[in-house]
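*Asks:* got a predicted model here, sequence first, then my questions.
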Amino acid sequence: VHTDAGAFIDMTQVVLAKVILFNRKRQGEVSKMKVEDYRKKRFAQSSELDLALTEFERSLLRVFERVEIRGKRGRTVPLLLTEEMTSWIDRLLAARPSFVPAQNPFLFACKGEYSHLRGSDALRRFAVDCGAKRPELLTSTKLRKQIASLAQVVSLKENELDSLATFMGHDIRIHAQFYRVPSDVVQIAKISKLFLAAEKGQLAKFAGQQLNDIVIDNDYTVQEESSGDSDSDADSAPVDD
């Protein structure tokens, strides 16, 4: 990546597509993410709410970082970043001075001083490269509609539905009620499970369950730090694209 401009662009497109796919975000929102946005990423702040979470949910708080970006109509919308994503992005940032002008503010930047890669181009490229039978269906808009539809098979409580809608950046009103802005803990510990299940193609098997009952295969569980002795354990939300 440090010496090959083509490899740098390829890796940038891979990371861009990955972030869009996992978060089911509008491609334009992620494409315009800025380096300064990424620098402000953080894990959820510990609070009393942690006590109400399951062990698996608490482990997610130590795995996912949350970053806020500018969304549709100027709204602030969150992104969840896995350890893998952040390691890839950090590698891109290390190589960035060799390929991108210092003045370019965008994380997924091109060679120009104020240009960025388009998420739609990245998704289109990899939809074709992966051999999908209908690559034209693999767009950010259709993926957002998919997660909104599949989420209906899970028994979401009202506050959990609110959290999902806010995470997705939906501008929705139900019976003239205003949506509460969820804490970063709820978004990371609970809402992230929907996206993990969707990524693994497992969401349908949780039909009828509540978010508290959902546990994904332990790819993302983390071990508690220890010294010396090892003692580790191991609604319908319309899409407004």
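*Replies:* Ah, there it is. Numbers count the residues shown, from 1 in each chain.
*Asks:* got any ranges where the chain has weak pLDDT?
*Replies:* For the chain, the stretches flagged by pLDDT under 70 are 1-3, 150-156, 170-187, 217-241.
*Asks:* remind me, longest helix of it?
*Replies:* helix 5-23 (DSSP state H).
*Asks:* run the chain-centre distance for that helix.
*Replies:* 14 Å (CA atoms, centre = their mean, to the nearest Å).
*Asks:* just the CA atoms of it, as CSV, please.
*Replies:* Taking C-alpha atoms only, helix 5-23 is exported to CSV below (Å, rounded to 0.1, in the frame of the first residue of the first chain):
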residue,chain,number,x,y,z
ALA,A,5,-1.1,3.9,-5.8
GLY,A,6,-3.4,1.3,-7.3
ALA,A,7,-3.2,-0.9,-4.2
PHE,A,8,-4.0,2.1,-2.0
ILE,A,9,-7.2,2.9,-4.0
ASP,A,10,-8.2,-0.8,-4.1
MET,A,11,-7.9,-1.1,-0.3
THR,A,12,-9.7,2.2,0.2
GLN,A,13,-12.6,0.9,-1.9
VAL,A,14,-12.7,-2.3,0.1
VAL,A,15,-12.8,-0.5,3.4
LEU,A,16,-15.5,1.9,2.1
ALA,A,17,-17.7,-0.9,0.9
LYS,A,18,-17.2,-2.8,4.2
VAL,A,19,-18.3,0.1,6.3
ILE,A,20,-21.3,0.7,4.1
LEU,A,21,-22.4,-2.9,4.1
PHE,A,22,-22.0,-3.5,7.8
ASN,A,23,-23.8,-0.3,8.9
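*Asks:* residue numbering should commence at 3 henceforth.
*Replies:* Sure thing, new numbering starts at 3, so read that last one as helix 7-25.
*Asks:* packing partners of it?
*Replies:* helix 29-33, strand 78-83, helix 85-97, helix 121-131, helix 142-152, helix 194-201 (3 or more CB pairs under 8 Å, 6 or more residues apart in numbering; DSSP states H and E). All C-beta spots, glycine's among them, are computed from the backbone N, C-alpha and C.
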